[in-house]
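Chemist: What follows is a predicted protein model with its sequence.
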Amino acid sequence: MAKIRLDIVTAERTVFSDDVDVVVAPGHDGQLGILPRHAPLLTALDPGELLIRRDGQETYMAVSGGFMEVVGNHVIVLADTAERAEEIDAARAEAARQRAVSRLSGAREKEFDIARAAAALRRSQVRLKVARRRRQEAPPQAG
């Protein structure tokens, strides 16, 4: 099967760089599935799950937004942040979600605070979803 090159980069590091079968990204207008020989594309990314399928294996990452460009047989994701499932501290993400919910319930007087709290809530929800997905896929421990 044909492959497509995927590079996921943040300001701090290259998170992923390899040939893959499929990339599914959280585009601004919905999920975007990218296969080899995809038409050129430049789009904004929303916070969400990014799925990488390679040789029958699926890898999930939490991205908090950014941009994706498809040129030739190459996908470049310039993410604000990108975390592999195994990098996510689920307890910390849950604490962030609870803080965001609390701020949303008390931030009625300032629209700016509401927008920031809503964005923080979305990011924490995505991180939790990706972290939980990893736990579900982990093989049972022998005991």
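Modeler: Ah, there it is. Numbering: from 1, shown residues only.

Chemist: all helices for the protein, in order.
Modeler: Under the criterion DSSP state H, the chain carries helices at the ranges 90-106, 111-137.

Chemist: and residue 83, which of those is closest to it?
Modeler: helix 111-137 (6.7 Å; CB to CB). Quick note: C-beta positions are derived from backbone N, CA and C, even for glycine.

Chemist: I'd like the average pLDDT over the closest one.
Modeler: Mean per-residue pLDDT for helix 111-137: 74.

Chemist: Buried deepest among the helices of the chain, which one?
Modeler: helix 111-137 (a mean of 16; mean count of other CB atoms under 10 Å).

Chemist: what's the helix or strand bottoming out on mean pLDDT in the chain packed up against?
Modeler: Across the helices and strands of the chain, mean pLDDT, DSSP states H and E gives its lowest value to helix 111-137, namely a mean of 74. Judged by 3 or more CB pairs under 8 Å, 6 or more residues apart in numbering; DSSP states H and E, the packing partners of helix 111-137 are strand 41-54, strand 57-71, helix 90-106.

Chemist: Residue 67 and residue 44 touch, don't they?
Modeler: Yes: using CB atoms under 8 Å, residue 67 is in contact with residue 44, at 5.9 Å.

Chemist: Domains in the protein, by residue range?
Modeler: 4-85, 87-137 (automatic domain parsing).
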